[in-house]
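In: need a structure here:
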Amino acid sequence: YSPDIATGWYDMIFIWAAIKMDQFLIEKANETWNISERINEGREEFGHYRPQDRITHKIVPLAYPPHYFRSTSPVAKNRAIFVGICPYGLELFEKMEGIELVWLGKNKLLSIDNLLENISVGGFGVSLWKEKGNNYYGDPGKTKLYSACGLPVIMTNNTPYAKIIQETDAGIVIPYTKIALHRAIKRILHHYDYYKSNVPKTWKYINADEVFRNIRLLE
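Out: Now for the predicted structure:
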């Protein structure tokens, strides 16, 4: 966990303990499974340690089971979907006419089936981060969940998944500004069928069966 996300003394203690636990574990491990290639960068920056050279490293990105994947039609194209507890980036939506913003997770937790259904009938998903935090060193799940549910995404370029979105044209990667968001939404809506048709190209990167196919779980 990045200390930058701490909002109080409880968070600070928890993050300090998590870093110390991680340091202890990798000193004993023969192999690490890292959720992104940036994890070691975070270890050095926040904990001032790095796994020893003898350790084998595997990148195991976040992925979802095959039954999550769907591409619903028709959908409410002007409906922006946001999943999460903290409102990262939602201030950029202020005074945005013609766009319905649906925040899933704000008031109550949904069952996974209800969550997937509510996402899949939206127009596009949004994942916007202003600062480098867990989103940069880890592999946030919300953006991949939008893709799994068939939604084009609008996201900032500070997560590993942004590269896949750019390569597949399954959404638009933007800087963290209101102008960039406005332009991206207009572009998505103007070429909606194109972006939505590209979303299944991302599925091989986020399908758990594919991600774990060649990973040996036990000796």
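In: backbone dihedrals for residue 95, please?
Out: Main-chain dihedrals, residue 95, degrees, to the nearest 10: phi 60, psi 40.
In: please tell me how far it sits from residue 109.
Out: Distance from residue 95 to residue 109, counting by C-beta to C-beta, to the nearest Å: 29 Å. C-betas here are computed from N, CA, C, even on glycine.
In: name the residue in those two with the higher neighbour count.
Out: Taking other C-beta atoms under 10 Å, residue 95 and residue 109 do not tie; residue 109 has more neighbours (10 against 5).
In: let's see the pLDDT reported for the more buried one.
Out: Residue 109 is assigned 87 on the pLDDT scale.
In: now swap in residue 94 and tell me
Out: pLDDT at residue 94 comes out at 86.
In: find the nearest non-adjacent residue to it, please.
Out: Excluding its sequence neighbours, the residue lying closest to residue 94 (C-beta to C-beta, 6 or more residues apart in numbering) is residue 178, at 7.8 Å.
In: mind exporting the C-alpha coordinates of stretch 197-213 to CSV?
Out: Provided in CSV are the C-alpha atoms of stretch 197-213 (Å, rounded to 0.1, in the frame of the first residue of the first chain):
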residue,chain,number,x,y,z
SER,A,197,-16.9,-3.6,-30.6
ASN,A,198,-13.2,-3.4,-29.5
VAL,A,199,-13.9,-4.2,-25.9
PRO,A,200,-13.8,-8.1,-26.3
LYS,A,201,-10.2,-7.7,-27.6
THR,A,202,-9.2,-6.9,-23.9
TRP,A,203,-10.7,-10.1,-22.5
LYS,A,204,-7.7,-12.4,-23.1
TYR,A,205,-5.7,-10.1,-20.9
ILE,A,206,-8.2,-10.1,-18.0
ASN,A,207,-9.6,-13.7,-18.2
ALA,A,208,-8.4,-15.6,-15.2
ASP,A,209,-8.4,-18.9,-17.1
GLU,A,210,-5.9,-17.3,-19.6
VAL,A,211,-3.8,-15.5,-17.0
PHE,A,212,-3.4,-18.6,-14.9
ARG,A,213,-3.1,-21.1,-17.7
